[in-house]
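[1] Below: sequence and its predicted model.
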Amino acid sequence: MSTKYDSDSSNLYCKTCPYVHRVTQKQRVFMKHVIKDRKKVDDVFDSEWRGAQTTKVACQKCSYGEAAFIEFQIRSADEPMTQFFKCMGCNFQWREN
């Protein structure tokens, strides 16, 4: 629930449905903020990066001049293959096509 303050009253409202609860002066409102940890994202291509070829291309993040690359057909067969790059300097990953 989130709060919304008007000039004469406060309301609690749900962000996912239209429910609104009016808060009167006699009610106490305790707010608790929960900070969630981000889930660790697994590298889907972890095994493919081992033994991947390298090429001379500038990293978009650190401008290092070499990156490993792999290609996958992720769209229809008449579309070009998508190239995935991984910087050899900072491990930043990006894709082209």
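    Right, received. Where do you want to start?
[2] ok, then the element right after the helix or strand of the chain with the lowest mean pLDDT?
    Taking mean pLDDT, DSSP states H and E as the measure, strand 2-5 is the helix or strand of the chain with the lowest mean score, a mean of 58. Downstream of strand 2-5, the first helix or strand assigned by DSSP states H and E is strand 10-13.
[3] Show the residue spans covered by the helices in this structure.
    In the chain, the segments counted as helices under DSSP state H are 46-49.
[4] Map the structural domains onto the sequence of it.
    1-33, 46-96 (automatic domain parsing).
[5] Which of those comes out lowest on mean pLDDT?
    Among the domains of the chain, domain 1-33 carries the lowest mean pLDDT, at a mean of 69.
[6] Who are the contact partners of Thr54?
    Contacts for Thr54 were tallied using Cβ atoms under 8 Å, 6 or more residues apart in numbering; they are Glu66, Ala67, Ala68, Phe69, Met88. Where you see a C-beta, it was placed from the backbone N, CA and C, and this is true even at glycine.
[7] tell me the most buried of the domains of the chain?
    domain 46-96 (a mean of 13; mean count of other Cβ atoms under 10 Å).
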